[in-house]
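Student: Next one to model:
(one chain, ligands or ions: 3)
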Amino acid sequence: MAPPFSDDYTHFAVTKGHGVKGISELGLKALPKQYIQPLEERIDMTKVLNKESIPVIDMSNLDDPNVADQIANAAEKWGFFQIVNHGIPIEVLENVKEATRRFFELPAEEKIKFSQENSLTKNVRFGTSFIPKAEKALEWKDYLSLFYVSDDESSKFWPSACKNESIEFMIKSEFIIKWLLKALMQRLNVEDMDSKESLLMGSKRINLNYYPICPNPELTVGVGRHSDVSTLTFLLQDNIGGLFVRKLETDTWIHVPPVTGSIVINVGDALQIMSNGRYKSVEHRVAANGSNNRVSVPIFVNPRPDDIIGPLPEVLKNGEEAKYKQVLYSDYVKHFFRKGHDGKETIDFAKI
Ligand SMILES: COc1cc(/C=C/C(=O)SCCNC(=O)CCNC(=O)[C@H](O)C(C)(C)COP(=O)(O)OP(=O)(O)OC[C@H]2O[C@@H](n3cnc4c(N)ncnc43)[C@H](O)[C@@H]2OP(=O)(O)O)ccc1O
Ligand SMILES: O=C(O)CCC(=O)C(=O)O
Ligand SMILES: [Fe+2]
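Tutor: Ligands and ions are numbered 1, 2, ... in the order given. Sure thing, here's the model as predicted:
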């Protein structure tokens, strides 16, 4: 089963569908060379600020105007925050993490049925790393990416190991996502949230991420530096840790500690563009781990592929100059998926 030559690891993980989980289970002493990241892309712990943290916002009283203020402040200053007491039952969160583990525990022959080449639909994709054919060094992560089109489509095509739990997580998060977007729109003087709803949250993608134990975790990354192309990302992480966020306009990073029952929220590029840069889509990355497997489940809340995105008229109303042009959202996303992770470079595609 183990590949005899180092070059075969890519074939084993990417083509044969064993993923990095399959490599991890071989019990290698050293990381295959394909996964060794250049020095500048590895996580340098001397650049991590241990005394700072992103805000943790209590959502138990949504009638308190201070809560909406804290949300908008965090989106402007940090681009990242955690929410607690958000009303999503803890079982829903536990169940989707368990379903993620269950899916990745399946044998490679089962998982590969959902690869880009084999999947019965473009909306379901199992893969490893990010874009292996475009990356100089591979990343230590396997994923299942599920684009929601309809209940019918999901029940037909999503893997049974994780379908119900993923849908339940999406349904139960709907209310709080709408509330967060409404709070963010108020700060931008958008009064009529209904007219913006489909532009802000007209499509959703849920990814199930699996980061297995890694030999030499210091030489690679789970996910490289990137910003999300979503409007907002609604991320559930387990209790292992490893997500790092850039502190705006600095060369330093902040760890996002697991907080039981919390959800991590981050602004994505689409919202940075629509807010003309007021809300910040911040670079983040994930460390590989030498002792524990980790799972995370982001829901990417997006415009629809056919939407044109650009600075909102309400934001430019007072004569503010547009920093971004109008772009077709699917062109923007395709640009993101055409290259390896490259920090904040995707947004140049929309810059004036
Ligand atoms: C995987 O590791 C990741 C992922 C991420 C993701 C961060 C996000 O913010 S995801 C949110 C993206 N937004 C949306 O999905 C909503 C809008 N959707 C669309 O515009 C379209 O559905 C589309 C994504 C552009 C796909 O459109 P379609 O016409 O079906 O085009 P394709 O030809 O199928 O795909 C174009 C190109 O992209 C590659 N690709 C598509 N989906 C994925 C995916 N889920 N994961 C990886 N790559 C994908 C596809 O292979 C095509 O490339 P080719 O070279 O094969 O032509 C953050 C960090 C991570 O580590
Ligand atoms: O696993 C995580 O904590 C974050 C993953 C991530 O950044 C992504 O999937 O876009
Ligand atoms: Fe991300």
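
Student: my read: T346 touches F337, true?
Tutor: No. Taking Cβ atoms under 8 Å as the definition, T346 is not a contact partner of F337, at 9.7 Å. C-betas here are computed from N, CA, C, even on glycine.

Student: Please say which of those two ends up with more neighbours.
Tutor: Using other Cβ atoms under 10 Å as the criterion, T346 and F337 rank with T346 on top: 22 against 11.

Student: Kindly state the pLDDT recorded for that one?
Tutor: With respect to pLDDT, T346 scores 93.

Student: Please apply the same query to the one 5 residues further on.
Tutor: Per-residue confidence (pLDDT) for K351: 95.

Student: ditto for A288
Tutor: A288 carries a pLDDT score of 98 in this model.

Student: Distance check, it against ligand 2.
Tutor: Separation of A288 from ligand 2 (Cβ to the nearest ligand atom, to the nearest Å) stands at 11 Å.

Student: Also P298?
Tutor: For P298 relative to ligand 2 (Cβ to the nearest ligand atom), the value is 5 Å.

Student: Between T346 and F337, which contacts overlap?
Tutor: Among the neighbours of T346, none is also in contact with F337 (Cβ atoms under 8 Å, 6 or more residues apart in numbering).

Student: Would you agree A99 is in contact with C162?
Tutor: Yes. Taking Cβ under 8 Å as the definition, A99 is a contact partner of C162 at 3.8 Å.

Student: Strands along the stretch 251-352 of the chain, start to end?
Tutor: Assigned by DSSP state E, counting those that start in this stretch, the strands in the stretch 251-352 of the chain fall at 253-255, 263-267, 284-286, 294-302, 308-309, 327-328.

Student: Columns mean neighbour count on top of those strands, output as TSV?
Tutor: Output for these, formatted as TSV (neighbours: other Cβ atoms under 10 Å):
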stretch	mean neighbour count
strand 253-255	20
strand 263-267	25
strand 284-286	24
strand 294-302	24
strand 308-309	18
strand 327-328	16
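
Student: Next up, the contacts around the closest residue to ligand 2 within the stretch 101-250 of the chain.
Tutor: When scored by Cβ to the nearest ligand atom, the stretch 101-250 of the chain has L243 as its residue closest to ligand 2, at 3.8 Å. Shown in contact with L243 (Cβ under 8 Å, 6+ apart): L235, Q237, H255, V256, V264, H284, R285, V286, S296.

Student: mind redoing it with 6 Å?
Tutor: With contact taken as Cβ atoms under 6 Å, 6 or more residues apart in numbering, L243 is in contact with V256, V286.

Student: Phi and psi next, for it.
Tutor: Note on L243: backbone dihedrals following degrees, to the nearest 10 are phi -90, psi 130.

Student: and it, what are its bridge partners?
Tutor: Beta bridges link L243 to V286 when assigned by DSSP bridges.

Student: What residues does the stretch 201-350 of the chain have near ligand 2?
Tutor: For the stretch 201-350 of the chain, the residues found near ligand 2 under the criterion Cβ under 6 Å from any ligand atom are N207, N209, V223, D228, L235, Q237, L243, H284, V286, S296, P298.

Student: which residues does the last one bridge with?
Tutor: Looking back up the chat, that one is P298. With DSSP bridges as the rule, P298 is bridged to L235.

Student: Number the chain from 478, please
Tutor: OK, 478 is where the count begins now, so the last one is P775.

Student: what sits against it?
Tutor: N684, T710, L712.

Student: In the stretch 678-827 of the chain, what residue comes closest to ligand 2?
Tutor: Closest point on the stretch 678-827 of the chain to ligand 2, by Cβ to the nearest ligand atom, is S773, at 3.3 Å.

Student: thinking again about what came up before, make a markdown table out of the strands of the stretch 728-829 of the chain and add distance to ligand 1.
Tutor: A markdown table is the format used below for the strands of the stretch 728-829 of the chain (distance: least, Cβ to the nearest ligand atom, whole Å):
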| stretch | distance to ligand 1 |
| --- | --- |
| strand 730-732 | 17 |
| strand 740-744 | 10 |
| strand 761-763 | 8 |
| strand 771-779 | 4 |
| strand 785-786 | 11 |
| strand 804-805 | 9 |
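
Student: Looking at these, spot the one closest to K673.
Tutor: Closest to K673 of those is strand 785-786 (Cβ to Cβ; 11.4 Å).

Student: List the strands paired with the closest one, with their directions.
Tutor: Strand pairing for strand 785-786, determined by DSSP bridges: strand 804-805 (antiparallel).
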